[in-house]
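Undergrad: Build me a model:
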Amino acid sequence: MEINDYVKTLEREGGLLADLAEQAGPDALVPTCPQWRIADLLRHTGSVHRWAAAYVGEARLEPAPFPDAPELAGAELFAWFRAGHAELVRTLHEAPADVQCWTFLPTASPSPLAFWARRQAHETAVHRMDAESALGVVYAPVEPGFAEDGVDELLTGFHARPRSRVRTPEPRVLRVRAADTGAVWTVHLSPEPARTVLGDADPADCEVTAEAAWLYAALWNRLPLAGPAVTGDLALARLWSETAGI
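TA: Sure, this is the predicted structure:
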């Protein structure tokens, strides 16, 4: 995907998140994020947007503390969220293509700007699902190519980091297959951080096959990783559900 595609997705998903949050109300519980209410979701995502915008807009080369969200409520909270989201979109639109700044995932990105545009598009899309869960409505599906990209970021980026808890005492293999886009990931599990490779050359202990949008929601733990999409050793799917939260 191109940077502009990510930014357009970020703009759309952030607007949806804000609209859904206003419909639910700040005190509504968020089932996909236990112990959170909509106000917590807005404070978290609004702080992430400002944190990301500062790296790009100020060309920060070193990690900085995550900003605290102000104790706002009601209309002021919604306005604060929308302002931070708009500033992030504007910053990514206006940043020079060669801007240098800090990034944090091990996967290679074409540029720091591409990294932050991608990361914030997925951050916001997943949290839009959280706002939908507060309303009890079916998730609006993400576009297949974007969903495939988000699964790839999750498997090859987040769960390649030392902090990932998705580990097994003995080597096991989880296969993830996007039925509509054709993408295939083979996730090698062990006592070490997961190692994910593209393709299906190695035998798998458990396989998950579904459309990319379903994989996106399930692997980000917004849907149960269960049902007919999962075959083989179901214990690996349960392990994912119990330990893969970001």
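Undergrad: Check Arg238 and give its pLDDT.
TA: Note for Arg238: predicted pLDDT of 97.
Undergrad: any idea which helix or strand carries it?
TA: helix 234-243 (DSSP states H and E).
Undergrad: Tell me the buried residues in that helix?
TA: 236-237, 239-241 (16 or more other Cβ atoms under 10 Å). In short, each C-beta sits where N, CA and C put it, glycine included.
Undergrad: and which of the residues you listed is nearest to Leu105?
TA: Trp240 (18.9 Å; Cβ to Cβ).
Undergrad: Which residue is the nearest non-sequential neighbour of that closest one?
TA: Excluding the flanking residues, the one nearest Trp240 by Cβ to Cβ, 6 or more residues apart in numbering is Leu225, at 5.5 Å.
Undergrad: Same check on Ala131?
TA: Ala131's closest residue in space is Leu20 (Cβ to Cβ, 6+ apart), at 3.8 Å.
Undergrad: what about the one you found, how many neighbours?
TA: 23 (other Cβ atoms under 10 Å).
Undergrad: Next: Glu58.
TA: Quick note: Glu58 (other Cβ under 10 Å) scores 12 neighbours.
Undergrad: Check which helices and strands the single longest helix found in the chain is in contact with.
TA: Longest helix of the chain, by residue count under DSSP state H: helix 112-135. Secondary-structure packing of helix 112-135 (3 or more Cβ pairs under 8 Å, 6 or more residues apart in numbering; DSSP states H and E): helix 3-24, helix 38-57, helix 74-94, helix 144-156.
Undergrad: let's see it at 6 Å
TA: helix 3-24, helix 38-57 (3 or more Cβ pairs under 6 Å, 6 or more residues apart in numbering; DSSP states H and E).
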